[in-house]
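In: The following comprises the amino acid sequence and a computationally predicted model.
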Amino acid sequence: MPRVGLIYHDSFLEHDTGHQHPENHARLEHLYAHLRSPEFDGLFDWVEAKAAQRDHLLLNHSSVYIDYVEKACSERSALLDDGDTRVCDRSFDAALHGVGAAMQSVDLLHRGEYDRLFAAVRPPGHHAVEKHAMGFCLFNNVAIAAKYAMAAYGYQKVMILDWDVHHGNGTQDSFYEDDRVLFCSIHQSPLFPGGGHESETGEGNGEFHTINIPLAAGSEVEHYRYAIKNKITPAALAFAPDLLILSAGFDAHQMDPLANMSLRDEDFYELTELSLEIAKTHCDGKIISFLEGGYHHDALCRSVGQHLLALNKSQIPVEA
Ligand SMILES: [Zn+2]
């Protein structure tokens, strides 16, 4: 029986941003079709996402903002906040299932039903802040997963590794003064959203619990490998997380139209393996991964395939 679960939901395909928009429904249509091909038979279970409740959204977002998003979606008001985050009348439901996948992944991991979970969701989440949508993101799925894990199950130290090509500003904001969460982001710089400088290391109790590793355009897997082995893994060793969550964007791929990095399909296998090494050292090899960006459809399919192969291949042996 596979110990890897892939969380999906048809509502993610109904979040209509328009065909011209890079974060459009075709991303997941292609991805789901690709992952149903025979090469992935038996490698993971398809797990249908449940919808989140309002209380779950409140873990990371203000009541006023939640109302604003719900109303904007019901009125089909198309553009939120910064202008490139589009919604339709089905977007709120899709976002509720994206956040639902956050809680569900924590539940399934905690109950031991799966050792690895990949939530193939949209809209993505890591740019969303408490009171604003941003960069195609409505609610911060990863931040909510971390807060839910701490609130519902008493996890004490959550590590979030964000390798999307864009800085995970929303997630950083959520935990900037929180010493219970180690947030690490590797991203292209300069690039949207503009922050993520090395000097941003956290404040107050959260000082030194934020690690930003900006990389120049054109960076290859060796630069990611160096960052993870020499900066992130030692920080993880000192922090000793009891849960590891990935913000897995695939827009650092060399084909991606929104960025300029040089990763190839198979490099996402290595990034996953390096992440799993951290999980094996501290978290019994357990890991939760969320889809963030990735806008070249074929590259996204192949790269997620590599991610899932790595999650499966180095799965924890089931004890007899
Ligand atoms: Zn991105």
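Out: Right, received. Where do you want to start? Numbers count the residues shown, from 1 in each chain.
In: and after the worst-scoring helix or strand of the chain on mean pLDDT, which helix or strand comes next?
Out: Here the helix or strand of the chain ranked lowest by mean pLDDT, DSSP states H and E is strand 79-80, holding a mean of 79. Going down the chain from strand 79-80, the next helix or strand is strand 85-86, by DSSP states H and E.
In: Report all helices and strands that that next one contacts.
Out: Judged by 3 or more C-beta pairs under 8 Å, 6 or more residues apart in numbering; DSSP states H and E, the packing partners of strand 85-86 are strand 79-80. Heads up, the C-betas are built off the backbone N, CA and C, glycines and all.
In: Now do the strands in this structure.
Out: Along the chain, counting by DSSP state E, strands occupy 4-8, 45-48, 79-80, 85-86, 116-119, 158-162, 181-188, 210-215, 243-248, 287-291.
In: What is the last one packed up against?
Out: In other words, strand 287-291. helix 91-110, strand 116-119, helix 141-153, strand 243-248, helix 267-282, helix 297-313.
In: repeat for the third one
Out: Using 3+ C-beta pairs under 8 Å, 6+ apart as the contact criterion, the elements in contact with strand 79-80 are strand 85-86.
In: if we go to 10 Å?
Out: helix 63-74, strand 85-86 (3 or more C-beta pairs under 10 Å, 6 or more residues apart in numbering; DSSP states H and E).
In: looking at the ones you listed, which has the lowest confidence?
Out: Ranked by mean pLDDT, the helices and strands packed on strand 79-80 end with strand 85-86 at the bottom, a mean of 90.
In: Check the offset of that strand from the chain's centre.
Out: Relative to its parent chain, strand 85-86 has a centroid offset of 18 Å by C-alpha atoms, centre = their mean, to the nearest Å.
In: So which of the strands of the chain is nearest the ion?
Out: Proximity to the ion, assessed across those by C-beta to the ion, is greatest for strand 181-188 (8.1 Å).
In: quick one, the closest one and helix 267-282 angle?
Out: Following axes from the mean of the first three to the mean of the last three C-alpha atoms, to 10 degrees, one obtains 160 degrees for the angle between strand 181-188 and helix 267-282.
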